[in-house]
Structures are given as C-alpha cells and as structure tokens.
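In: Provided below for reference: sequence and predicted model.
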Amino acid sequence: MISSHPASLKLILCIDDDPVILSYENALLEGSGYSVITAASAREGLALATTCQFDAVLLDFEMPGMNGCDVACEIKRVRPELPVILLSGSDVPTYALALVDAFILKLEASRELLPTIAALLQRDSLPTTEARKVSAMTLSDKVTNPVTKLEAFTDAELENALARVLVHASGEVLNEAEVQLFYQVYEEICRRSPAVTAA
C-alpha cells in the first residue's frame, strides 16, 4: 500500500506477512515524517525493493515461502548500498546479521526502530571515517577509502565484512577492487588467527 507523501520525504519499505505489524510500522514511521510503502509478502517486497528507489527497508525474518535472509541477500545483490533492517520476534542466526545493516527484536522496535533508521540514513550522508565499522560499510566505502585501517575492527566486524563481499558477489564474478578487498580482509583475519593460516 502506497501512502501519499511529498517526494522530498525519506521513503521506507516495510516487508512483513503480519498485517498488524505492518500497520504498526506504517503508523510509527508516518508519524515520524517518513513516507511508507508496505508489502505483505517476501516476494512482493523483493519486487518493490529491486525496482523502486527506497531509502531503507524494514524486513521481517520469519515469512512463508521466502525468509528475511533470502530477501536481504537478493536486495544486497541488486542494491548493496540500500540499508536493510531485519526484525524478528527472537534471535536470528549469526550469518543473517552479515546480510543486513541492523537487527532489532520486535519487542524492542518501539524504542530502537526510529533511532536505528535515523542513524543509518545519517551514515549514508556522512564521509567515511576510520571509526565507522566494517559491518556498516559498503564495498565502495572501503575501496574508495584505502586509508581505512583493518586493524581497528573487531574479529566479528571483519567476518561480517568478508561475508558482505561474498554476498555482494553472489552469482557473479568479483571485479578487481572486490578481489583486493576480499584478500585484505581475509589476510587480516589470518594474521589474527595463526590456526587459520596453518590450516
């Protein structure tokens, strides 16, 4: 369902098979000045996310037919720069977190959703700094900012960065810059883990 709002407002896509959750997200976001489009199924949401220009996507993890991981993977393959926020009623697998920009438990949505969206939208408008986490960076951020020091990131952030390279390249051949990034991150992980290098 498309809401009527000025085109200057940030446009958020909400994907959830629960109409109650969609109604809540729609009311919360519109009340905070966002323009909202909702999708009641994973496939409908994916079609919208890959063909329309959104500023962020709110994505349910548990959906019939196609779960949030599958949707996030496909969105990032087509539009890697688009912020995706995953929501779930319970914890999700670690690998799912590498596919998205943020994760929020539904019980915490009333408190965390708006600040998280604002932070992600602000992140995309700011220049890259060494303080930004790899898990919140796109490939172009890293490739075009070679001064970023991998040593500044935690092991989990490096693993997420590695997963992001692989997800971005899903079904495609890595270009030269992506290959370089892959090896930079992998070598840093190996440097920290002698057992990995020995294996």
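Out: Cool, got the structure. Residues are numbered from 1 along each chain as shown.
In: Find the residue closest to Leu58 in space, skipping its chain neighbours.
Out: Cys14 (4.6 Å; CB to CB, 6 or more residues apart in numbering). Bear in mind the C-beta positions are built from the backbone N, C-alpha and C, glycine included.
In: Tell me which residues touch the one you found, please.
Out: The contact partners of Cys14, taken as CB atoms under 8 Å, 6 or more residues apart in numbering, are Leu22, Glu25, Asn26, Leu29, Val36, Ile37, Thr38, Ala39, Val57, Leu58.
In: Pick the one among the residues you listed closest to Val92.
Out: Proximity of the contacts of Cys14 to Val92 (CB to CB) peaks at Leu58, which lies at 14.4 Å.
In: and that closest one, that one's in a strand?
Out: Yes. Counting by DSSP: H, G, I helix; E, B strand; the rest coil, Leu58 is found in a strand.
In: surely it meets Ser88?
Out: No. The criterion here is CB atoms under 8 Å, and Leu58 misses it with Ser88 at 11.5 Å.
In: Show me which of those two is the more surrounded one.
Out: Leu58 (27 against 18; other CB atoms under 10 Å).
In: ok, now how distant is Ala118 from Ala102?
Out: 11 Å (CB to CB, to the nearest Å).
In: So which of those two has more stuff around it?
Out: Set Ala118 next to Ala102 and count neighbours by other CB under 10 Å: Ala102 wins out with 20 against 13.
In: any weak-confidence spans in the protein?
Out: Scanning the chain for pLDDT under 70 picks out the ranges 1-8, 124-183, 185-186, 188-189, 192-199.
In: how about the strands in it?
Out: Assigned by DSSP state E, the chain shows strands spanning 11-15, 35-39, 56-60, 84-88, 102-105.
In: looking at the ones you listed, which is buried most?
Out: strand 56-60 (a mean of 26; mean count of other CB atoms under 10 Å).
In: helices and strands around that one, which ones?
Out: Under the contact definition 3 or more CB pairs under 8 Å, 6 or more residues apart in numbering; DSSP states H and E, strand 56-60 sits against strand 11-15, helix 42-49, helix 68-78, strand 84-88, helix 109-125.
In: Those: which one's closest to Gln184?
Out: Nearest of the helices and strands packed on strand 56-60 (CB to CB): helix 68-78, 19.8 Å.
In: got a list of what Glu25 touches?
Out: Counting by CB under 8 Å, 6+ apart, Glu25 has contacts Cys14, Asp16, Val36, Thr38, Leu58, Ala109, Leu113.
In: and if we set it to 7 Å?
Out: Residues in contact with Glu25 (CB atoms under 7 Å, 6 or more residues apart in numbering) are Cys14, Leu58.
In: Can you tell me how far it is from Pro80?
Out: Counting by CB to CB - Glu25 and Pro80 are separated by 24 Å.
In: With Thr50 instead?
Out: 12 Å.
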